Structures are given as C-alpha cells and as structure tokens.
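>>> Quick one: sequence and predicted model below, then my questions.
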Amino acid sequence: MLFSILASCGLPRPGPNAREILASAQVLNAEVLAVPVNADVARFAGPEDLSARTGFPNSFLARDRIDAELIYSGDLLNVTIWENIDDGLFGAIEGPSVLTEVPVDDQGAVFIPYAGRVQAAGRTIEQLRLDLVEEISAQTVDPQIMVARIPGNGATVTVLGSIAAQGVYPIDRSARTLRAMLAKAGGFTDESELTEVLVQRGHVSGSIWLDDLLAQPQFDIALMPGDQITVRQDRRAFTAIGAVSGQSLVEFPKPTINLIEALGLVGGLDPRSGYPDSVFILRAETPTRLQQLGGAAYSGQRQAIYAFDLTEPSGLFFGEQFNIRDGDILYAAEAPYTQFQKALSAITGVASPVSGLNDTFSN
C-alpha cells in the first residue's frame, strides 16, 4: 500500500530512464531515431565534419600569389623623370624631376603633367613606365622614367581577432601569403591548439587550425585584395546532464573529443545512480545521415539518439571511436535500482516519525 502511494507521488529523478527514451523514439517515429551504437555506427556517425577547420576551398589553394608589381586603385606612385636637355618640361635644374605620392584614383588613373590621365590600375609598374615614356617622349628628348609603387588601400586585407596588432594591411612583396601577413600583424596572442584562422573572401570562407597552418606549407594560401582574416578560439561545447558526476555545459578542450573523454571531463557517471548500459548522445542530424542510419526519408533536421552500453568492453571501444560534436547532449540515465533506493529512503523517512508517535501514545 505504501509503495503504491509513493509511486503515485512521483519520486524526483534527473530525467527519463532508458526504457522511456527508447519508447519515445518509437512513438515519434521519423522525428527521433534511436540508434544502438556498434562498430559501424561509431565509425560512420561519430566523426565530426571538420572540413571547415582542416583546410581551404580549392579556389583558395589554387590561387597564385598576386603580382607585387601590379597597381591598384588607392595606391600611391612615386614617378622620377630624367630629361636630356637643360631646360626640360618639368623644370629641374639639376638631376631628375620627382613627382611624389601621385594617387591612383577610383577609376584607376593617374595624372602626370604633359602626359595627362594615364590608366594605371591593373597594369604592372613596368607597363605604366613604358606608357609614360611613350606619352612624354612626344614633348621632350629621350626621357628616362622610373616608377615606384606605395601600396595603398586598393590591395589590402583586414586582420582581426587574437592577433597582436589588428588592422588593415596592404598586400606587398613582403606579405603576399597568409602566414606572412599574420607575422606582419605581430603574431598571435593565443597559440593554443584550439586557435583557428578563418579567411573570408567574398561569399566564400575557409578556416584551419593554427597548428595545421604552421605545420603544413600547402595551407599558406595566397591572399587577395579584400580578404578578411580572423584569428579566434574554438567555442564548441556539449551539455552533460542526468546521472553524471557534474552536470554542465562543457567547452571542447581540444579539436576532437570522444564519448569516453567527454565522460571524463564531467567526472564520469554518478557512482550512486549512473548506469553504464544507459548512456546516450542526443544529436540533431541531417536527413541524409539519418536515412543512412535507417531512418525514414524526410526533409529538415531531426533528432538521433545514440545508445551506448558501456558495461560491455566493446561498448568502451565504440565510445572511444565516437566523437562528440558541437551542441551534443550527453545524457546518462539512472540505474533501475536507484528509484527503489529512493523509495526505501522515502519509506524510512515516513516510518520513523510514525513509530515515534506510537511510542508517545503508548506512554
């Protein structure tokens, strides 16, 4: 009788038990798919798609370094002109005439006296020099011309994030690749293994772990005008709830962690209530992946419940192969006997004061 009363009251617990979780997956059908984890599932569903962090698009990798001699709108040019006559067009009494910091305008042209507006953007320094020689030769004898480029805001990249000196930097001969530009910006303020470098180029982006960028030369991509480089720390996390020693939101301590490591980060299962054969990962999966796991065909993300039995040695190996992903929920159900223990505690707590009252009345 007393057990029935306690059951009807509903004893507190951290969440659904294993039977209830699996039963809900059957009721919800296509909304939720329950997947017992074996070797194939661990290999297929566990690895996280880190392609966005392990390389760049082919369009980035295939791009050649820009020509450091190429002129862009916004650049400044220093033009030096030597004339072979004493009373030259540019009025220098001795030595050359020097035109300093001549701007390349928004239309890509420069204005040079006696040559007029000359197209500069999109041409190399040598091509512009030859154009100026041709224009000015019509008015003076055998001019000798030298052109030097000062990189301006027409060929720049923006560097942001965990970097010593954030700012806008020109792409010049000394900094035409990603690693060189990061060095030019003063290096990193945080060099942990969770540091990643993101490059945004128009509507296309790619990112890579800092360690991979430094270790693998093929990822030292050529930069293009307008690129935005962001150095940031990885902020992926999972949530651990249920019969674990420490329920919390846990940030990834390294690029990849598996289920066994995730349990270690929260202190393992609660020794009083955790049950190793009822450990679950709840995850939003894509339609394609769920169909491959045996789910029905539908559109949009649905939930998958991956069930682990860690009482079996193979279950521990599967947990080691199964990587946690950003946003996962690690849930450990209570052991079946836990509710019985709680019931006993509740009975003991009710029975004791009743006995005390009986003693009182008997006196």
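Thanks, I have it. Model, not experiment: these values are computed from the prediction.
>>> residue ranges for the strands of the stretch 51-200 of the chain, please.
Under the criterion DSSP state E, counting those that start in this stretch, the stretch 51-200 of the chain contains strands at 54-55, 76-82, 97-103, 109-112, 116-119, 144-150, 156-161, 167-170, 195-201.
>>> In CSV: those strands, plus distance to Ala262 and mean neighbour count.
In short, each C-beta sits where N, CA and C put it, glycine included. Formatted as CSV, these follow (distance: least, CB to CB, whole Å; neighbours: other CB atoms under 10 Å):
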stretch, distance to Ala262, mean neighbour count
strand 54-55, 21, 18
strand 76-82, 55, 18
strand 97-103, 58, 14
strand 109-112, 61, 19
strand 116-119, 61, 13
strand 144-150, 54, 17
strand 156-161, 27, 19
strand 167-170, 39, 16
strand 195-201, 21, 20
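>>> Can you redo those strands as JSON lines, where the extra columns are mean pLDDT and distance to Ser273?
Shown next, in JSON lines, are these (pLDDT from 0 to 100; distance: least, CB to CB, whole Å):
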{"stretch": "strand 54-55", "mean pLDDT": "66", "distance to Ser273": "39"}
{"stretch": "strand 76-82", "mean pLDDT": "91", "distance to Ser273": "72"}
{"stretch": "strand 97-103", "mean pLDDT": "89", "distance to Ser273": "73"}
{"stretch": "strand 109-112", "mean pLDDT": "93", "distance to Ser273": "77"}
{"stretch": "strand 116-119", "mean pLDDT": "92", "distance to Ser273": "77"}
{"stretch": "strand 144-150", "mean pLDDT": "89", "distance to Ser273": "70"}
{"stretch": "strand 156-161", "mean pLDDT": "93", "distance to Ser273": "43"}
{"stretch": "strand 167-170", "mean pLDDT": "90", "distance to Ser273": "54"}
{"stretch": "strand 195-201", "mean pLDDT": "93", "distance to Ser273": "38"}
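>>> could those strands be laid out in TSV, adding distance to Glu126?
Below are these laid out as TSV (distance: least, CB to CB, whole Å):
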stretch	distance to Glu126
strand 54-55	36
strand 76-82	13
strand 97-103	17
strand 109-112	15
strand 116-119	14
strand 144-150	8
strand 156-161	23
strand 167-170	20
strand 195-201	28
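>>> Which strand runs longest in the chain?
The residue-count maximum for a strand in the chain (DSSP state E) belongs to strand 274-285.
>>> what residues go with each domain of the protein?
2-48+256-341, 52-66+155-233, 76-150 (automatic domain parsing).
>>> sorry, back to before: who does the longest strand of the chain pair with, and is each partner parallel or antiparallel?
strand 302-308 (antiparallel), strand 329-334 (antiparallel) (DSSP bridges).
>>> any chance of the domains of the chain in TSV, plus distance to Ala240?
Shown next, in TSV, are the domains of the chain (distance: least, CB to CB, whole Å):
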stretch	distance to Ala240
domain 2-48+256-341	4
domain 52-66+155-233	19
domain 76-150	56
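>>> Thr239 is nearest to which of the ones you listed?
The closest of those to Thr239 is domain 2-48+256-341. By CB to CB, the value is 5.1 Å.
>>> any idea of the mean pLDDT in the longest strand of the chain?
Strand 274-285 carries an average pLDDT of 88.
>>> Let's see it as PDB, backbone CA atoms only.
Provided in PDB are the C-alpha atoms of strand 274-285 (Å, rounded to 0.1, in the frame of the first residue of the first chain):
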ATOM      1  CA  GLY A 274      24.700   6.200 -13.000                       C
ATOM      2  CA  TYR A 275      24.200   3.100 -15.100                       C
ATOM      3  CA  PRO A 276      26.900   2.300 -17.700                       C
ATOM      4  CA  ASP A 277      24.500   0.500 -20.000                       C
ATOM      5  CA  SER A 278      22.200   3.600 -20.400                       C
ATOM      6  CA  VAL A 279      24.400   6.300 -21.800                       C
ATOM      7  CA  PHE A 280      23.000   8.400 -24.700                       C
ATOM      8  CA  ILE A 281      24.100  11.100 -27.100                       C
ATOM      9  CA  LEU A 282      21.200  13.200 -28.400                       C
ATOM     10  CA  ARG A 283      22.000  15.000 -31.600                       C
ATOM     11  CA  ALA A 284      20.400  16.900 -34.500                       C
ATOM     12  CA  GLU A 285      21.200  15.000 -37.700                       C
END
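>>> and it, which residues are buried?
Within strand 274-285, the residues that count as buried by 16 or more other CB atoms under 10 Å are Gly274, Tyr275, Pro276, Ser278, Val279, Phe280, Ile281, Leu282, Arg283, Glu285.
>>> Perfect, I'm done here.
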